[in-house]
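A.B. asks: what follows is a predicted protein model with its sequence.
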Amino acid sequence: YVGGEAPSLHRLGGSDFAATKGRVRSEVRRIAQELVLLYQQRISTPGHAFAPDTPWQAEMEDAFGFVETEDQLGAIADVKADMERSTPMDRLLVGDVGPRSPCALHSKPSKTANRSRYSPPPPCSPPSTA
């Protein structure tokens with residue numbers, strides 16, 4: 001255990017256990033209420049809705065030197081759909097860091113760069129064969 005001081009142990013059903021359980025229960029309720037308020041604020045906060053892809057965007061994506069996997073294509077479509085909504089995006093994208101992963105995600109920064117809001121990403125180069 002490395003989270004600070006050693007945790008105290010209590011006998012199940014004892015008064016110390018009941019008191020600790022009550023404190024934890026009220027703290028969990030407080031955190032849950034904070035999360036509900038946070039998500040209410042996020043939903044009501046206006047975001048920037050990016051326009052649908054342009055022919056230039058499709059041409060750039062088609063020029064990638066890799067064929068995306070079915071999962072990558074799904075992730076790309078989901079992120080693009082989120083970016084085209086007028087609410088703040090709330091998505092965590094998790095995956096391996098293989099040679100194709102950065103290329104699959106290249107289209108998202110370029111979607112924003114095409115709208116003159118951010119700098120374009122660096123070029124994607126194929127993995128070396130050496």
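C.D. replies: That came through fine.
A.B. asks: just give the nearest non-adjacent residue to A49, would you?
C.D. replies: S86 (4.0 Å; C-beta to C-beta, 6 or more residues apart in numbering). Yep, even glycine has a C-beta here, placed from its N, CA and C like the rest.
A.B. asks: okay, and L73 sits in which element?
C.D. replies: According to DSSP states H and E, L73 maps onto helix 70-83.
A.B. asks: with just CA atoms, put that helix into PDB.
C.D. replies: What follows is helix 70-83, C-alpha atoms only, in PDB (Å, rounded to 0.1, in the frame of the first residue of the first chain):
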ATOM      1  CA  GLU A  70     -12.400  -1.800 -38.800                       C
ATOM      2  CA  ASP A  71     -12.000  -0.600 -35.200                       C
ATOM      3  CA  GLN A  72     -10.000   2.500 -36.400                       C
ATOM      4  CA  LEU A  73     -12.600   3.400 -38.900                       C
ATOM      5  CA  GLY A  74     -15.300   3.100 -36.200                       C
ATOM      6  CA  ALA A  75     -13.200   5.300 -33.900                       C
ATOM      7  CA  ILE A  76     -12.600   7.900 -36.600                       C
ATOM      8  CA  ALA A  77     -16.400   8.000 -37.500                       C
ATOM      9  CA  ASP A  78     -17.300   8.400 -33.800                       C
ATOM     10  CA  VAL A  79     -14.800  11.200 -33.200                       C
ATOM     11  CA  LYS A  80     -15.800  13.000 -36.300                       C
ATOM     12  CA  ALA A  81     -19.500  12.800 -35.300                       C
ATOM     13  CA  ASP A  82     -18.600  14.200 -31.800                       C
ATOM     14  CA  MET A  83     -16.700  17.100 -33.500                       C
END
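A.B. asks: quick one, phi/psi of the residue at minimal distance from the centre of the chain?
C.D. replies: By C-alpha atoms, centre = their mean, the chain has its centre lying nearest to L92, at 1.9 Å. Dihedral pair for L92: phi -110, psi 120, per degrees, to the nearest 10.
A.B. asks: perfect, that will be all.
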